[in-house]
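Chemist: Give me a 3D structure for the following:
(one chain, ligands or ions: 2)
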Amino acid sequence: MSKEKLIIFDTTLRDGEQSPGASMTKEEKLRIAKALEKMRVDVIEAGYPAASDGDFDSVQSIARTVTESTICGLARVVDHDIDRAGAAIKPAKRGRIHTFVATSPIHMKVKLGMSPDEVVEAAVHAVKRARRYTDDVEFSPEDAGRSEIDFLCRIIEAVIDAGATTVNIPDTVGYNLPHQYAETIRSLIERVPNSDKAIFSTHCHNDLGMAVANSLAAVLKGARQVECTINGLGERAGNAALEEIVMAVRTRQDMFPCDTGIDATQIIATSRLVSGITGFPIQPNKAIVGANAFAHESGIHQDGVLKSRETYEIMVAQDVGLTSNRIVLGKLSGRSALRARYEELGTKIESDKEFNEVFRRFKTLADKKREIYDEDLQALITEANQETVDESIQLLALKASSEMGETPHAIITLMVDGEEKSGAADGSGPVDAAFKAIESIESSSSELLLYSVTNVTEGTDSLGEVIVRLEKGGRIVNGQGSDTDIVIASAKAYINAMNKLAISSGNVNPQAVNV
Ligand code: KIV
Ligand code: ZN
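Modeler: Ligands and ions are numbered 1, 2, ... in the order given. Model prediction:
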């Protein structure tokens, strides 16, 4: 018997971008959207078009480029938002408008200052207006997790009558427990008279660590769309993680009456892409995509796995696109070997120009590091892409000295808007000195919120991947850089963050803006 379809709605580019520091450029969003399309995500929430011309532009270009997934734009229940979303998704082969308004007593009273009747009226009006642009309209009663069930029934019946085809039930503040959230979904499907005319969807936040459990419990009670993000990125503690939802449903087909259409072999590549672009590292013990998720370290486990894989493994690493950490290339490898390996990794390098740049970086790395692993290749791509984003400041040269008993010192040369400039500074360590030298040339007037270094592969010749988070006037950006020399990687990351600060206008949280 064929299973029902479970729709995967990815909101990495909208809710995910609401995480502090996760703002992405248009090019970065496009790259992620293409990866999601390749993964066969059903619906991509590409952004909030009314937020700014930049956001509108991003949603529009994704709508133009991506053809295999439905492209969705978010809108509050106000005409301006709906019209902007309608215009942004217009080029899409399949476009959706997702409109929302808060329905919990506290949100209606304190945030909106609207009566329940006014909220219903605004929701119905918005859905009808959205239907002028597309037949595919989704409605969310924000903070449904703390809303009264009778009021939810009333507003949902009204929006379905008005033309909503998907009804999403957000646990906006991550307050629900699995049995409670599942019961809400069950009871809405049962009580709303026209519930058969819409698909019920989950949207769970992870404040109590239950986003995935809540979503899956609701699927068992009839929800047929799950809203989620890559790596669980999102507001505060994040959203339900796409990779966990997909693999749980797939691994426990004995329990679920439905299945997704996701190509799970794209999970690792997409997870790394999102982590690289946003600068949010993946914790090693993160389910499915963490570095340790498929590592069987303890002797007893290894022994069991060698006798029979099923003793300890419930999933196969290759199913999520994890390749073994083997040596793939070295100094003598040529262009076609490099291109072929990237293809095997599922990374498409669009143009010859881009490939030439990646190849140049590969050769530089191979001069420093004898064995090049898949992880190195992925880091190279991330960095090449970071630098094509904006290069008003470029690192030309760096000399850093550290010696026991001496003050660390760095001398740096940058290209700033086409002009070569040099500076030098002391610091408490070579990285600190390098950052101060950069600031002495071009002051960013920003505050350093985070500095982290991770090794991409094992061994002391590993690439060091550095993330630098800067804040300026309330805007937060993450910069990333990698190099076998961590002082150089740090300087690259710092400069990357400065470049992002210069171009990013910051993101507007639609939920924080009143209707
Ligand atoms: O968490 C939430 O309520 C949202 C809505 C905009 C759907 O993200
Ligand atoms: Zn949300």
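Chemist: quick one: low-confidence parts of this protein?
Modeler: 1, 296-306, 324-327, 346, 386-390, 504-506 (pLDDT under 70).
Chemist: which bits of it sit near ligand 1?
Modeler: 15, 100, 140, 142, 170, 172, 203, 205, 511 (C-beta under 6 Å from any ligand atom). Where you see a C-beta, it was placed from the backbone N, CA and C, and this is true even at glycine.
Chemist: Settle this for me: the second one is touching residue 137, isn't it.
Modeler: No - at 11.5 Å, residue 100 and residue 137 do not qualify as touching, with contact defined as C-beta atoms under 8 Å.
Chemist: mind checking how far the residue of the chain positioned farthest from its centre is from ligand 1?
Modeler: Farthest-out residue of the chain from its mean C-alpha position, per C-alpha atoms, centre = their mean: residue 405, at 44.2 Å. Residue 405 sits 55 Å away from ligand 1, going by C-beta to the nearest ligand atom, to the nearest Å.
Chemist: That residue: what secondary structure?
Modeler: Secondary structure state of residue 405, per DSSP: H, G, I helix; E, B strand; the rest coil, is coil.
Chemist: again, but for residue 395
Modeler: strand.
Chemist: quick one: it and residue 493 touch, right?
Modeler: No - shown here, residue 395 and residue 493 do not form a contact pair, counting by C-beta under 8 Å, at 10.3 Å.
Chemist: Have a look at those two and say which one is more surrounded.
Modeler: Ranked by neighbour count (other C-beta atoms under 10 Å), residue 395 and residue 493 place residue 493 first, with 32 against 21.
Chemist: which element is the closest residue in space to that one that isn't next to it in sequence on?
Modeler: Among residues not flanking residue 493 along the chain, residue 481 sits closest, at 3.6 Å (C-beta to C-beta, 6 or more residues apart in numbering). Element membership of residue 481 [criterion: DSSP states H and E] is strand 475-483.
Chemist: what sits opposite residue 424 in the beta ladder?
Modeler: residue 411 (DSSP bridges).
Chemist: What about it, how many residues nearby?
Modeler: Other residues within reach of residue 424, judged by other C-beta under 10 Å, total 14.
Chemist: Next: residue 491.
Modeler: So residue 491, with other C-beta under 10 Å, has 27 neighbours.
Chemist: Mind telling me which residue of the stretch 401-515 of the chain is nearest ligand 1?
Modeler: Residue nearest to ligand 1 within the stretch 401-515 of the chain (C-beta to the nearest ligand atom): residue 511, separated by 5.5 Å.
Chemist: follow-up on the earlier one: just give me the neighbour total for the residue nearest to residue 493.
Modeler: Neighbour tally, residue 481, other C-beta under 10 Å: 26.
Chemist: All further residue positions should be reported with the first residue as 45.
Modeler: Okay, residue one is now 45; in that scheme the one you just asked about reads as residue 525.
Chemist: Tell me who's in contact with the nearest residue to residue 282 once chain neighbours are set aside.
Modeler: Excluding the flanking residues, the one nearest residue 282 by C-beta to C-beta, 6+ apart is residue 276, at 4.2 Å. Counting by C-beta atoms under 8 Å, 6 or more residues apart in numbering, residue 276 touches 250, 255-256, 282-285, 288.
Chemist: how about residue 443, secondary structure?
Modeler: Under three-state DSSP, the three-state class of residue 443 is strand.
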